[in-house]
Structures are given as C-alpha cells and as structure tokens.
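**Student:** can't give you the sequence, but here's the structure:
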DNA sequence: AACACGGGGTG
DNA sequence: CACCCAGTGTT
C-alpha cells in the first residue's frame, strides 16, 4: 500500500496536536526514563491501563530501579505482580534486570533490535521502549494500532502482521516526534477507536478514515472447557499447609495442596468457587483435611502474616481469605460441614 | 500458524 | 455471560 507524503504529514500533524491536548496523565508518563517505560510496557502487555496503574505505582515504590529489581527475590517479585496475570512477564522482567545489571552496567539498550533480545521483550515492546524512552524512529503495532489501521485504511481482515508493521514504519514522523506519534496512535485506539464502538466525532483523523467506524469482524472463540479442581485446607494451630508450585503457569507461587485421599483424611467441604483462566472454566472445591501421612510432600506451614507476603494464585488467595478470615468470630475456621463431602480424587480436565 | 498464558472490566 | 485487553514464547 502506498502512502502519499501529503497524507502522512497531515495524519502526523493531527495526531500530535490531538495528543498534546488529550494524552491521559499516566504515572509512567510523568518521568519517562527507560526503566519506567520497560516496567509499564511489560505490565501493559494484554492488560488494560486501568488495571496497571496501581500495580505500577507500588512496583516503582518497591523496585525504584533496575538494581533494586535485580536484587529482589523471585517471591517478592511475584508477590508484587500477583493479580496482574501472565506471570511469565514478571519472571522475564526480573531476569532482564539481573541480566542488564550483570552484563550491561545496569543500562537498557536503546535500539529496538537489541531490546528485542531481552526476555519478555518482543517486537512491540522493543519498539515501544526504543521510541518512548529513547526517541528512536521505531514503529509500534499493538492491538490498538492494529485496529486503528484496519479502520483508517479499510484493510481486509486477512491483512498480514508484516504489512501493519510496514504501514507503521511508513507513517513515522521525524525522530523527535516519534514518542508522541506512537503514543497518540495507541491512545486513540484505547480511548476513541475502540473495539466495539468507534467514537468518530471525537477522532482527530476521522475525515481521513476510509471506514468511519465500521465494526472490526470479531474472531469467534471456542467455548471454555470445564475443569474441576479440588484442594485441601490443612490447618495446624494458626498455620496452613502450602506447597510450592514448581512448574506450569504458577511456577514460583505457593498454593493449597491438591486433595489426596490416600495421604489425607477428608473432613468435608469448606468452600467452592469458580474462576476462568484463558479457555478454561475451573470449578475449585476446597475440602478441610488432615494429614494421614505427610512424608514425601514438599511444603511448609504458613502463618497468616507470612501468607500476605507469599505469592499465591488469586483463586487460592480468595479461597483462603474466605475460609480463614472470620472477623468478630471466636472460631478461626468455619464449622465442620454436616455431611462428609464426597472426595474428588484429582482435578480432571476434559478436552 | 496455533496455542498457552490470568485476571478483571465492559456492554 | 461473552468478549477483550499497550504481546511473548513455545510447539
């Protein structure tokens, strides 16, 4: 697709003017140093601005720079990320900090090509850091930009990702303005040219737009797969037995043990809750239990104070909160369930 | 190219 | 409830 110089200049001007007037006041825009751009961009991967702000502020207080982050333990890093999801991002950010402190004098590279070699930094994030933090003439294509381009140029649904990157590159203005240019494209996608509704009257480039707010066709998804999971709540005094998650999505987290009726005695259902995770709908049932034989299990007894410092999957954190917080109540735990609940031996996944 | 990865907000 | 989000890494 050819882009006329005149079109490019007019579009660029409008974006910059609009952005100067409408840029949201976000914490990582206050002092755009490379580290704050790195942290915010990692947090913003597949995650909305509104969800990120509080995490970002706490993060910067706790890990103000690469050196502080590199020194932190993984548990501390994961606890700070808990609830934000996609925990590989946190592990990657931590590794990136350690790698840069160890080998690059604690400095981020400024070229997208070098940034992309860092763990957790792909094509989008590399371009974002290069342009936003270092003012480089690097394009960005994220979900917002993709949608804006689809509408702006009335692109066919099957448009290849490479083509979108070519367009993004071709539209870049002089280096000095690239940060604002890229931010403006994403900000318009986020606040004006939204997935379901395009608020064209508010859009600074609506008269240059080929589709004027047409709907982007939605890709249908398969319905969630139902799963069941049963966990055990084992209490000794004021401590709860937790086990480390050694692999999988919750690697590095602590969690309730899976109910194991061979080594545990099932004392009855304590609580149940459902949650969704990517394409699964999980029904979690927690049973109160006692050890018959604890040998050969990795884990530890955790007090309530320690509980607040260890990283836990949100569903397990919730279940624990529900079961162990009994304010203004003499008993620390819910009364035994009347009937002996039937044990579900192991979580089952039906495909 | 398809899939896994988390949790919460929005209509 | 369905859909989606400032993507990346693995298979």
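**Tutor:** Yep, that arrived. Computed from a prediction, not measured in an experiment: that's the story for all the values here.
**Student:** hey, let's count contacts and neighbours off CA atoms from now on
**Tutor:** Will do.
**Student:** distance of residue A:123 from residue A:162?
**Tutor:** Distance, residue A:123 to residue A:162, using C-alpha to C-alpha, to the nearest Å: 11 Å.
**Student:** ok, now residue A:303?
**Tutor:** For residue A:303 relative to residue A:162 (C-alpha to C-alpha), the value is 52 Å.
**Student:** Tell me which of the two has more neighbours.
**Tutor:** Between residue A:303 and residue A:162, residue A:303 has the larger neighbour count (other C-alpha atoms under 10 Å), namely 15 against 10.
**Student:** and the closest residue to that one other than its chain neighbours, how many neighbours does it have?
**Tutor:** Closest residue in space to residue A:303, ignoring its immediate chain neighbours: residue A:239 at 4.5 Å, by C-alpha to C-alpha, 6 or more residues apart in numbering. By the criterion of other C-alpha under 10 Å, residue A:239 has 16 neighbours.
**Student:** Equivalent analysis for the one 10 residues further on, please.
**Tutor:** The local packing count at residue A:249 equals 13, with neighbours defined by other C-alpha under 10 Å.
**Student:** Ok, residue A:291 next?
**Tutor:** 15.
**Student:** List the contacts of it.
**Tutor:** Listed by C-alpha atoms under 8 Å, 6 or more residues apart in numbering, the contact set of residue A:291 reads A:234, A:263-265.
**Student:** Can you list which of these are found in strands?
**Tutor:** Of those, the ones assigned to strands by DSSP state E are A:234, A:264-265.
**Student:** rewinding a little: farthest pair in the contacts of residue A:291?
**Tutor:** Spanning the widest gap among the contacts of residue A:291 are A:234 and A:263, at 11.9 Å by C-alpha to C-alpha.
**Student:** which one of those two has more residues nearby?
**Tutor:** residue A:234 (23 against 15).
**Student:** Which residues does the nearest residue to the more buried one once chain neighbours are set aside form beta bridges with?
**Tutor:** The shortest distance from residue A:234 to any non-neighbouring residue, by C-alpha to C-alpha, 6+ apart, is to residue A:289 (5.2 Å). In this entry, residue A:289 is beta-bridged to residue A:234, residue A:266, by DSSP bridges.
**Student:** pLDDT at the residue of the stretch 101-250 of chain A found nearest DNA strand B, what is it?
**Tutor:** DNA strand B sits closest to residue A:249 of the stretch 101-250 of chain A, with a gap of 3.1 Å, by C-alpha to the nearest atom of the strand. In this model, residue A:249 is scored at 87, pLDDT.
**Student:** same thing with the one 3 residues further on?
**Tutor:** Per-residue pLDDT puts residue A:252 at 94.
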